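# 3D model of this:
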Amino acid sequence: MDTFSLENFTHLAATLSFSRTSRERNISPSALSRQIKRLEEEVGATLFVRDNRSVRLSPAGAQLREYASEMIGRLDALCASFEAPRGVLRGEIALYCSVTACYSVLPDIIARLRAAHPAIHLKLQTGDEALAVQRVQEGAADVAVAALPDALPRALAFKTVTRTPLVFVAPDVPCAVAELVARRQIPWSEVPMILSEQGLTRKRVDAWFRAQGASPSIYARVSGNEAILAMVGLGLGVGVVPELVFEKSPPQSVRTLPVRPELTAYTVGLCARKNRLASAHIRALWESTG
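The predicted model follows:
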């Protein structure tokens, strides 16, 4: 039962998708299937229940997932401890964040990490911030810059870096959308909205509209705050993004709207599996938040 197989197994246990795990773990679907079959032979139990339409984790698979996560974390911690007596921390950290977080949240954190531990290598992955917590749960990232969800899974740890309001953003160019939001009473049911496909921001926007007794007129569902700002700047609709994203993004033809009631503020920080913090090099990044 080698570490590579266990890492592939824990990823598959989170995604429940052979095609996705094979793609993200850089292993062919057939090789992944063989690894899972060997693990099932070793433990003497079925790990996944499969049919033509779905993949589910079996009770034995759930037990092995907890064991595998603990073993992987302990091995990383052991390897890191061998470097500690020499005063040098080494290792690679898979770090996931949005493009905006790269230049708004990470610079100070990475600067402190490099100053204290220059031998630690960061493997940066960028994507939709709405997927950050999921990437950590799946094992696709060791640490992610994420928004604190309303209910944090028990296996995860979260460390706050900053808080930022969620703001409505509108085009700052002459267009039909700008005329709609310039009215004394904004007719929200008529305003084309450009919203995230999923994630905490989308949940809070949907809750806000329900509280107003209105339904959003959705022009587009997109991935990533950067796409929202770009489309709003073209005059295509109104969006909602963290104020930090609005302030730190390159200048665009976008302005904020003074909307009441305000949306619940966003807590931004680092997210990691608790057992991964046993690894000294990952803990070093965690502690570099200041």
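
# show me where pLDDT drops low in this structure?
76-77, 79-87 (pLDDT under 70).

# Would you state the strands of it in chain order?
For the chain, the strands defined by DSSP state E occupy 48-50, 55-57, 91-97, 120-126, 143-147, 156-164, 166-171, 192-196, 217-222, 238-242, 254-257, 266-273.

# neighbouring strands for the first one, and are they parallel or not?
Right, the one you point to is strand 48-50. Partners of strand 48-50 in the sheet, by DSSP bridges, are strand 55-57 (antiparallel).

# now the fourth one
Strand 120-126 has the following strand partners under DSSP bridges: strand 91-97 (parallel).

# From the rest of the structure, what touches the partner strand?
Contacts of strand 91-97 from elsewhere in the structure, counted by Cβ atoms under 8 Å, 6 or more residues apart in numbering, are 76, 79-80, 105-106, 120-127, 129, 131-132, 135-136, 140-145, 279-282, 285. In short, each C-beta sits where N, CA and C put it, glycine included.

# Now do the closest residue to residue 211 other than its chain neighbours against residue 168, distance only.
Nearest residue to residue 211, sequence neighbours excluded (Cβ to Cβ, 6 or more residues apart in numbering): residue 261, at 7.5 Å. Distance, residue 261 to residue 168, by Cβ to Cβ, to the nearest Å: 12 Å.

# Among those two, which residue is more densely surrounded?
With neighbours defined as other Cβ atoms under 10 Å, residue 261 and residue 168 compare such that residue 168 has more, 23 against 8.

# I'd say that one and residue 260 touch.
No: look at residue 168 against residue 260 with Cβ atoms under 8 Å: they stay out of range, at 10.4 Å.

# which residue ends up closest to the midpoint of this structure in space?
Closest residue to the average C-alpha location of the chain: residue 132 at 0.5 Å, with Cα atoms, centre = their mean.

# so who does that residue touch?
Residues near residue 132 by Cβ under 8 Å, 6+ apart: 96, 97, 98, 141, 144, 145, 146, 147, 271.

# repeat that with 10 Å
Counting by Cβ atoms under 10 Å, 6 or more residues apart in numbering, residue 132 touches 96-98, 101, 125, 141, 143-147, 149, 199-200, 268, 270-271.

# Go ahead and name everything in contact with stretch 52-65.
Stretch 52-65 is contacted from outside by 1, 6, 9-10, 12-18, 21, 36, 39-40, 42-50, 68, 139, using Cβ under 10 Å, 6+ apart.

# And it, what's buried?
Buried residues in stretch 52-65, defined by neighbour count with 16 or more other Cβ atoms under 10 Å: 57, 61, 64, 65.

# out of those residues, what pair is the most spread apart?
By the measure Cβ to Cβ, 57 and 64 form the most distant pair in the buried residues of stretch 52-65, at 9.1 Å.

# Quick check: can you list the domain ranges of the chain?
Listed domain ranges for the chain are 1-78, 88-162+267-290, 166-264 (source: automatic domain parsing).

# Compute the first-to-last residue distance for the second one.
Translated: domain 88-162+267-290. Domain 88-162+267-290 has an end-to-end distance of 20 Å (criterion: Cα to Cα, to the nearest Å).

# Residue 98 versus the nearest residue to residue 264 once chain neighbours are set aside, what's the distance?
Sequence neighbours aside, residue 204 is the residue nearest to residue 264 in space, at 5.6 Å (criterion: Cβ to Cβ, 6+ apart). Distance, residue 204 to residue 98, by Cβ to Cβ: 17 Å.

# higher neighbour count, those two?
Each of residue 204 and residue 98 has its neighbours counted (other Cβ under 10 Å); residue 98 has more, 24 against 18.

# so the more buried one makes contact with residue 145?
Yes: under the criterion of Cβ atoms under 10 Å, residue 98 makes contact with residue 145 at 7.1 Å.
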